[in-house]
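Chemist: Please find the sequence and the predicted model below.
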Amino acid sequence: MNLKSVSFVIPMYNEAGGIESTVKSIARMAEQLTEDYEIILADDASSDDSAAIADRIAAKDPRVKVEHLKVNTKFGGALKAGLKRAAKDVVVYTDSDLPITFHDVKGALSLLEGADIVTAYSRVRKGETLKRVIMSKVYNFLIQFLFKANIRDINSGFKIYKRKVFTDMDIISKSPFVDVEIFVRAIRKKFTIKQYPVIFKHREAGASYISRPAVILATIRDMLKFKCQKSS
């Protein structure tokens with residue numbers, strides 16, 4: 001598609017060991033796509049030096065912008081803040097450990113010509129523990145049962161949206177359930193969703209916090225809260 005401008009939104013929590021490398025890689029990707037881009041780092045109240053590092057990067061490059069959350073929201077709040085700040089025509093969300101390549105971004109963008117959202121799913125499963133596999137299967141079953149959202153990997157770490165998707169969208173979730181909420185709201189508004197296969201790279205720095213008990217409980221809470229809310 002003819003890409004005029006793009007916002008890269010990166011939620012992060014305790015990524016001091018890798019966020020600088022991630023920003024450099026994303027900047028290289030963005031420069032090959034368009035001259036008009038921005039990189040938004042949404043820091044979810046990190047307890048390490050992530051926020052200071054992000055501010056230092058932004059001070060050197062005006063295309064890098066930082067959103068600071070005062071309280072940790074367990075991912076969803078950071079993503080929401082980053083998406084709200086995004087001002088370009090196309091919004092690319094990816095995890096802070098950058099599990100994708102430039103080839104993935106170009107391939108997914110090619111599908112945006114006939115869609116409003118492109119979401120990635122893993123072509124292969126590797127390195128997953130039995131616990132993660134069971135959690136994923138149970139979670140996806142609940143999503144299908146409660147919301148009829150036919151997405152193969154609804155919490156994948158790479159998604160592309162046309163910015164109009166978020167017009168008048170009042171996101172309430174602050175946990176990883178935010179991905180489901182966005183998709184369900186988009187489906188209700190008749191936006192078109194396409195799915196794109198990738199091979200996600202292994203994390204090289206930092207750690208994933210998705211399976212912490214507090215995160216799981218917050219996800220369940222947001223799921224029930226959204227289910228009880230009137231359709232909008």
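Modeler: Good, I have the coordinates.

Chemist: For Ile143, give me its contacts.
Modeler: Taking CB atoms under 8 Å, 6 or more residues apart in numbering as the definition of contact, the neighbours of Ile143 are Ala149, Ile151, Ile154, Val180. C-beta coordinates here come from the backbone N, C-alpha and C atoms, glycine included.

Chemist: Thought Phe226 was touching Leu142, still the case?
Modeler: No. Using CB atoms under 8 Å, Leu142 makes no contact with Phe226, being 12.0 Å away.

Chemist: The most centrally placed residue in the chain pairs with what?
Modeler: The C-alpha lying nearest the average C-alpha coordinate of the chain belongs to Tyr93 (CA atoms, centre = their mean; 4.2 Å). Tyr93 has these beta-bridge partners by DSSP bridges: Val9, Lys159.

Chemist: I'd like the distance between it and Gln229.
Modeler: Between Tyr93 and Gln229 the computed distance is 23 Å (CB to CB, to the nearest Å).

Chemist: other SSEs contacting the helix or strand containing Ile53?
Modeler: Following DSSP states H and E, one finds Ile53 within helix 50-60. In terms of contacts (3 or more CB pairs under 8 Å, 6 or more residues apart in numbering; DSSP states H and E), helix 50-60 is packed against helix 19-33, strand 36-43, strand 64-68.

Chemist: now for the ones you listed, which one comes closest to Lys164?
Modeler: Of all these, strand 36-43 sits nearest to Lys164, with 17.2 Å by CB to CB.

Chemist: now what about the closest one, what contacts it?
Modeler: Counting contacts by CB under 8 Å, 6+ apart, the residues outside strand 36-43 that touch it are 4-13, 19, 23, 26-27, 30-31, 50-51, 54, 57-58, 63-69, 78-79, 81-82, 85-88.

Chemist: where does the chain have low pLDDT?
Modeler: The model of the chain has pLDDT under 70 over residues 1, 124-129, 203-211, 230-232.

Chemist: repeat that with 80
Modeler: 1-2, 124-133, 135-136, 202-212, 230-232 (pLDDT under 80).

Chemist: Which stretches in it count as helices?
Modeler: For the chain, applying DSSP state H gives helices covering 19-33, 50-60, 76-85, 102-111, 130-147, 178-188, 213-228.
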